[in-house]
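Enquirer: sequence isn't available, so here's the structure alone:
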């Protein structure tokens, strides 16, 4: 037996998650391995917005990606000593099958980067933007929550693609960061006044691609400023995550028709078979990395709550 | 010179169109034809919801399709005596180039049908459903405004495709009509109570395809009942047409992501190159036709207003 800890929810979230919505459970893991299984120790753990709305019942480990150092292996792809990116929740140690492993870490890149630009957020930004929005050089791309784990990568990839890139976020510090990584225009949705007024000013030729992390009225207004044939990748709906009531916004249908827009909601899991291509591409792209690191497994819930509150820039990672 | 009349708007619509928003203008048409031009007399004129929101300035003819009998021709494709479907507005007589003609009428089919099942509504139903929603046999398809010009065709095509078809409309008479042409389930959105409750009851396995003519809260609730991988064709947004304020509805983004849905707004004009295929297909399908005929060019605005008010079943056509 090997000792482990995991975080679970004490109850379903009601509005904003609170510290006492979480508790640590102690467990003993049987070290006997079936074929294909590995045991690993957490090096670092990812906290991501989707965890807020993913239906994880109280009692089971909170969902999340982590970098594991393999300590015992019955899987020849992942031998003892290697590091892997796995989807095994907020745990200090865990036993998983190879199916839960996304990939083995390679090269001289920090483990935390494998949870961000080279992990789920990186794959999400890459395929959401390139596959669903298909931006062409010279087109205008907009992304909200643009200083977040996914949004900042979307902006950087769009710039590499030769697009004019507009971001939207909620603080001056985030605007400064977004501009430092190449965004052409960034506005603060909390202080800008009318969304359509600012959009008409900074996107006078209209918007071709919209990578939506947020939803709500901001998204409806962005959609109203899109060009004919525009493409919308719906990745997140943060504005509704903590809401106990349906979030109302101007209906999108009239603009969907008038501009002949396409909107697609996606789950990055459906692109899993293509991850090796994106990984190679993202490593070559030399993406600038910004992380918000929290130290200590015991601080995982506070890191998650702070991230949901918009209190961080870049990728939130807990270093165990 | 040949004498003609056309309907124009006296001013921009404000809320529901009113009779005094329209006036008849007398005009004289020069009978000299450039190469490719034809002159024709209106046999019947189509009134359609899109006219409410299409940006037609006061003073010019109100937009609309009609069946013309060609009286003079400088276009060998459309000789004198033939009948054509053309996009030339609410006029008694007009001169148009061949580019404004969709196609020449063939066979022994009533002219009014060429404005409905074989005209713009038919093409819209055909491509919106088959190309954007791509329904598979056994899937569940839903269409709102299901007794309208486009909606009733969508339902019939979906039934021919082997789908389970649900309709939504606003009167018992429309429900009866919809069931008579093959809809499996139809509900009255004005009297049904909770949309999600009725949808869960009559679509217990969820909805795969949604042909949206309406928008608003009904659409948001339908979207919340869709299955993973569902497809939404956005054809109309009637609920917003007469509104002077933005129409609010629950934001769709969370369901777009959770169900990995695709939504596409479309204009049937983008399918023009494929119309001959759809036409052949629609004629073979032996679609049941329901029309709401109004006699007299002078009654075109009242037919339009009545159609927008939901006062008719099937295709609204003015017989000149």
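Expert: Thanks, I have the structure now. What you see is a predicted model, and the numbers here were worked out from it, not measured in a lab.
Enquirer: which neighbours does the helix or strand where residue A:292 lies have in its sheet, and in what orientation?
Expert: Using DSSP states H and E, residue A:292 maps to strand A:291-295. Note on strand A:291-295: by DSSP bridges, its sheet partners are strand A:315-319 (parallel).
Enquirer: get me the contact residues on the stretch 51-200 of chain A for chain B.
Expert: When proximity is defined as Cβ under 8 Å from any Cβ of the partner chain, the stretch 51-200 of chain A approaches chain B at residue A:53. Quick note: C-beta positions are derived from backbone N, CA and C, even for glycine.
Enquirer: quick one: the helices in the stretch 51-200 of chain A?
Expert: Secondary structure of the stretch 51-200 of chain A (DSSP state H, counting those that start in this stretch): helices at A:120-127, A:151-160, A:172-180, A:195-202.
Enquirer: now those helices as CSV including distance to residue A:315?
Expert: Output for these, formatted as CSV (distance: least, Cβ to Cβ, whole Å):
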stretch, distance to residue A:315
helix A:120-127, 6
helix A:151-160, 8
helix A:172-180, 12
helix A:195-202, 26
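Enquirer: returning to what we had before: for the strand holding residue A:292, which positions count as buried?
Expert: Using 16 or more other Cβ atoms under 10 Å in any protein chain shown as the test for burial, strand A:291-295 gives A:291, A:292, A:294.
Enquirer: follow-up on the earlier one: mind checking the helices of the stretch 51-200 of chain A for the one nearest to residue B:13?
Expert: For residue B:13, the closest of the helices of the stretch 51-200 of chain A is helix A:195-202, at 21.7 Å, according to Cβ to Cβ.
Enquirer: what does that closest one rub up against?
Expert: Under the contact criterion Cβ atoms under 8 Å, 6 or more residues apart in numbering or on different chains, helix A:195-202 has outside partners A:166, A:185, A:187, A:189, A:192, A:207, A:217, A:218, A:221, A:222, A:224, A:225.
Enquirer: check those and tell me the two furthest apart.
Expert: A:185 and A:217 (19.8 Å).
Enquirer: need phi/psi at residue A:63.
Expert: Torsion angles at residue A:63 (phi, psi; degrees, to the nearest 10) stand at phi -70, psi 150.
Enquirer: what sits against it?
Expert: Applying Cβ under 8 Å, 6+ apart, the residues contacting residue A:63 are A:51, A:54, A:56, A:87, A:89, A:90.
Enquirer: the closest residue to chain B within the stretch 51-200 of chain A: how many residues sit nearby?
Expert: Proximity of the stretch 51-200 of chain A to chain B (Cβ to the nearest Cβ) peaks at residue A:53, 7.3 Å away. Here the count is done by other Cβ atoms under 10 Å in any protein chain shown, and residue A:53 has 17 residues near it.
Enquirer: spatially nearest residue to it (excluding sequence neighbours)?
Expert: residue A:241 (5.4 Å; Cβ to Cβ, 6 or more residues apart in numbering or on different chains).
Enquirer: the one you found - how many residues pack around it?
Expert: 21.
Enquirer: doesn't residue A:51 make contact with it?
Expert: No - counting by Cβ atoms under 8 Å, residue A:241 stays clear of residue A:51, with 9.6 Å between them.
Enquirer: pLDDT at residue A:275, what is it?
Expert: Note on residue A:275: pLDDT of 93.
Enquirer: shouldn't it be within a helix?
Expert: Yes - counting by DSSP: H, G, I helix; E, B strand; the rest coil, residue A:275 is part of a helix.
Enquirer: show me what contacts it?
Expert: Taking Cβ under 8 Å, 6+ apart, one finds A:102, A:103, A:123 in contact with residue A:275.
Enquirer: what's the local residue count around the second one?
Expert: It refers to residue A:103. So residue A:103, with other Cβ under 10 Å, has 16 neighbours.
Enquirer: and it, how far from residue B:132?
Expert: Distance from residue A:103 to residue B:132, counting by Cβ to Cβ, to the nearest Å: 36 Å.
Enquirer: residue A:207 contacts residue A:140, doesn't it?
Expert: Yes - counting by Cβ under 8 Å, residue A:140 is a contact partner of residue A:207 at 5.1 Å.
Enquirer: now do the shared contacts for these two.
Expert: residue A:166.
Enquirer: can you list the domains in chain A?
Expert: What automatic domain parsing lists as the domains of chain A is A:2-114+A:289-319, A:120-269.
Enquirer: who are the contact partners of the residue nearest to residue A:240 when sequence neighbours are not counted?
Expert: Nearest residue to residue A:240, sequence neighbours excluded (Cβ to Cβ, 6+ apart): residue A:247, at 4.5 Å. By Cβ under 8 Å, 6+ apart, residue A:247 lies in contact with A:215, A:216, A:239, A:240, B:250, B:251.
Enquirer: what about those residues, which are in strands?
Expert: The strands, defined by DSSP state E, take in residue B:250 from the contacts of residue A:247.
Enquirer: now, the most widely separated pair of the contacts of residue A:247?
Expert: A:239 and B:250 (12.0 Å).
Enquirer: from residue A:254, how far out is the residue lying closest to residue A:125 once chain neighbours are set aside?
Expert: Leaving aside its sequence neighbours, residue A:125 sits nearest to residue A:153 (Cβ to Cβ, 6+ apart; 3.7 Å). Going from residue A:153 to residue A:254 by Cβ to Cβ gives 32 Å.
Enquirer: and residue A:220, by the same measure?
Expert: Applying Cβ to Cβ to residue A:220 and residue A:254 gives a distance of 10 Å.
Enquirer: again with residue A:95
Expert: Separation of residue A:95 from residue A:254 (Cβ to Cβ) stands at 52 Å.
Enquirer: who has more neighbours, the two?
Expert: Neighbour totals were compared for residue A:95 and residue A:254, and residue A:254 leads with 24 against 20 (other Cβ under 10 Å).
Enquirer: I figured the more buried one was touching residue B:53, is that so?
Expert: Yes - assessed by Cβ under 8 Å, residue A:254 is found in contact with residue B:53 at 7.3 Å.
Enquirer: common neighbours of the two, please.
Expert: Joint contacts of residue A:254 and residue B:53 (Cβ under 8 Å, 6+ apart) are residue B:237.
Enquirer: skipping its backbone neighbours, what lies nearest residue A:91 in space?
Expert: residue A:6 (4.2 Å).
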